[in-house]
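Student: sequence and predicted structure, then a few things I'm wondering about:
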Amino acid sequence: MAHDPGHIELHDPETDPLATYVLEPDDVRPLLRRVVASPGASTYTSHAPFTGGPIAAIPLSTPEDVVRAAKVARAAQRLWALRPLRERTAVLSRVHDLVLERQSDVLDLIQVESGKARVSAFEEVCDIALVARHYAARAGRYLAPRRVPGLMPGLTTTRVLRHPVGVVGIIAPWNFPLTLTLGDVLPALVAGNAVLLRPDPQTALTSLWAAELLEVAGLPDGLLQVLVGDGPTVGAAVVENVDHVSFTGSTRTGRVVAAHAGERLVPATLELGGKNPMYVADDVDVEVAAEGAVRACFVGAGQVCVSIERIYVHQDVADAFTAAFVRRTKALRLGSGLDYRSDIGSLTSAAQLATVVEHVEDAVGNGATVLAGAVHRSDVGPWFYEPTILTDVPSEARLVREETFGPVVTVSTVASDDEAVAAMNDSDLGLNASIWTADTRRGAALAARVRVGSVNVNEGYVATWGSVAAPQGGIGASGIGSRHGREGLWATTRVQTVAVQHGVHGVLGGPGVGLHRMFDLGTETWPRVYTEVLRTLRALRLP
């Protein structure tokens, strides 16, 4: 097991005359111009996980830039909200086509910035196509005025309207630089909002590429403002200047964002950490379950909010499943090519590698057994780490409770479904779970007992995440609210109820009808009259 993962020396072209950028500065300059930053702004140099080489010098925004961007966004939003919905959905339809046509370029960017394998990067392209198509087709239905029963049938009609909140702030992490930026931007825009987007500086180029794509798709100027900077300053300034906050990141930071938004009485959608469990029941095809477990645990080098970090296997299939799982894990190919020849890429940063190494060494030091991996593969690249399977992990090990967010999973044996459910629920985090069984009714029944936001039966995470008509979110310390589906769209709207009372002024000079007639009966009579009205409505089974 290699040690001292942070010892890799990174070369910066601004200070090292022998260093060169991974990407040609002239090629990325048009993207960098899209950052809202003052002239002469300081920069952040991002580094390629594959090599440690510098990618680009990203201009950094300031809180003053955020205020300026918010003013531009608000002015643009007022006009955008007045446009017919078909014009807004048309932009999303073009995004769907463009992201598929231009996927090669963005796949390169995602890989260079995040270090993930190309097959993992392709998941992001698929996700954006799905989200764009879904909201282009369904936004009209989701946003349409909804009639509900009125107070007095025939006299009162009531409708529920949805209006854009105004400006939506999206604070996005580095692990899914396209999905967790553009995937949240699209529903906010189609609802009629403008967006302040703060991507992580490490993966800002992918977000800027997405902004360029939206422009090509026909999005008017000013509606999407991209700001780059750290969370405590620029992220906090975004929260201070928007009408809804969408944050994806750690639980610790999510609490800070929620508190800040709460002070302003601004609603927030938060997707936070996960310690996601999987249960392998006694009736599975172990090869099928093992293949699914490999994808669920190690896609994106385990840096996926919904990836699996703990597996519980029924004792009747424990040996067979574990053998298949270990064999398939050891066969995974690590690599840094901008092609589909690798299964697993790199961790994104030295900090993430350090966390992985600390968790594994702590577990092994406390008695855990290594079944696969536990090796820092600096021969492949500075932040590569072999997919790791641990068993016999003691309860005091850090990774039992803490999110590792890397290619590390623990395997434990259980004797029954009830024991499995109890173990899966033994966490304050509740984001995603996976259950494998040949009996899908059994799987669905078990899923309903697991306290998480989404459960996949016979899949790791793709089935729920890819069902973009359904909400995706966490419970407990894993977050508040949801993305995807009508819930994700409605989160960026404000609701308004309009009730209209008819016939109050009469027709052709005749007497009017309405609630005022009942109130005119006097304070002693009208309660008796309305009591009978309520009994009549109940008898007629009217809602």
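Tutor: Here it is on my side, so go on.

Student: now name the helix or strand holding the spatially most central residue of the chain.
Tutor: The residue lying closest to the centre of the chain (CA atoms, centre = their mean) is L180, at 5.2 Å. Secondary-structure element containing L180, defined by DSSP states H and E: helix 179-190.

Student: isn't the residue nearest to the centre of the chain right up against S246?
Tutor: No: look at L180 against S246 with CB atoms under 8 Å: they stay out of range, at 9.2 Å. Bear in mind the C-beta positions are built from the backbone N, C-alpha and C, glycine included.

Student: what's the helix or strand for R310?
Tutor: Using DSSP H and E, R310 sits in strand 308-314.

Student: how far does stretch 59-75 sit from its chain's centre?
Tutor: Per CA atoms, centre = their mean, to the nearest Å, the displacement of stretch 59-75 from the mean C-alpha position of its chain is 24 Å.

Student: now swap in stretch 259-271 and tell me
Tutor: Between the mean C-alpha point of stretch 259-271 and the mean C-alpha point of its chain there is a distance of 17 Å (CA atoms, centre = their mean).

Student: what sits against D339?
Tutor: R118 (CB atoms under 8 Å, 6 or more residues apart in numbering).

Student: where does pLDDT dip in the protein?
Tutor: Applying pLDDT under 70 to the predicted model, the residue ranges of the chain that meet it are 1-20, 506-512.

Student: cutoff 90 now
Tutor: When the per-residue scores of the chain are filtered using pLDDT under 90, the ranges that remain are 1-27, 150-155, 501-524, 526, 528-530, 533-534, 537, 541-543.

Student: show me where the stretch 251-400 of the chain has strands.
Tutor: 268-271, 276-280, 308-314, 369-372, 388-391 (DSSP state E, counting those that start in this stretch).

Student: residue contacts, V317?
Tutor: With contact set as CB under 8 Å, 6+ apart, V317 has these partners: V280, A281, D282, V284, V286.

Student: no wait, T404
Tutor: Taking CB under 8 Å, 6+ apart, we find T404 in contact with G302, E309, T355, V356, H359.

Student: and those residues, which two are the farthest apart?
Tutor: Maximum pairwise distance among these (CB to CB): 12.4 Å, between E309 and T355.

Student: and the closest residue to R162 other than its chain neighbours, how many neighbours does it have?
Tutor: Here the nearest residue to R162 in space, its sequence neighbours aside, is T493; by CB to CB, 6 or more residues apart in numbering that works out to 4.2 Å. The burial metric for T493, expressed as a neighbour count using other CB atoms under 10 Å, is 20.

Student: T493 contacts P164, correct?
Tutor: Yes: here T493 lies in contact with P164, judged by CB under 8 Å, at a distance of 6.0 Å.

Student: between these two, what contacts are shared?
Tutor: In terms of CB under 8 Å, 6+ apart, T493 and P164 are both contacted by the residues A191.

Student: how close does the residue nearest to A469 when sequence neighbours are not counted sit to A470?
Tutor: Spatial nearest neighbour of A469, excluding adjacent residues (CB to CB, 6+ apart): G485 at 5.3 Å. Remark: distance between G485 and A470 (CB to CB, to the nearest Å) = 5 Å.

Student: which one's more surrounded, these two?
Tutor: G485 (20 against 16).

Student: isn't there a helix covering T531?
Tutor: Yes: remark: T531 belongs to a helix, assigned using DSSP: H, G, I helix; E, B strand; the rest coil.

Student: what about it, how many residues nearby?
Tutor: Counted by other CB under 10 Å, the residues lying close to T531 total 10.

Student: same deal with V370?
Tutor: 16.

Student: so it is in contact with E386, correct?
Tutor: No: in this structure, V370 sits apart from E386 without contact. The criterion is CB under 8 Å, and the distance is 10.1 Å.

Student: now the contacts of T404 in CSV, with neighbour count and distance to D65?
Tutor: Below are the contacts of T404 laid out as CSV (neighbours: other CB atoms under 10 Å; distance: CB to CB, whole Å):
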residue, neighbour count, distance to D65
G302, 25, 34
E309, 26, 38
T355, 21, 31
V356, 26, 35
H359, 23, 37
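
Student: now the helices for the stretch 101-250 of the chain?
Tutor: 103-114, 118-143, 179-190, 204-216, 236-240 (DSSP state H, counting those that start in this stretch).

Student: chain center to the third one: distance?
Tutor: Right, helix 179-190. Relative to where its chain is centred, helix 179-190 has its mean C-alpha point 10 Å off (CA atoms, centre = their mean).
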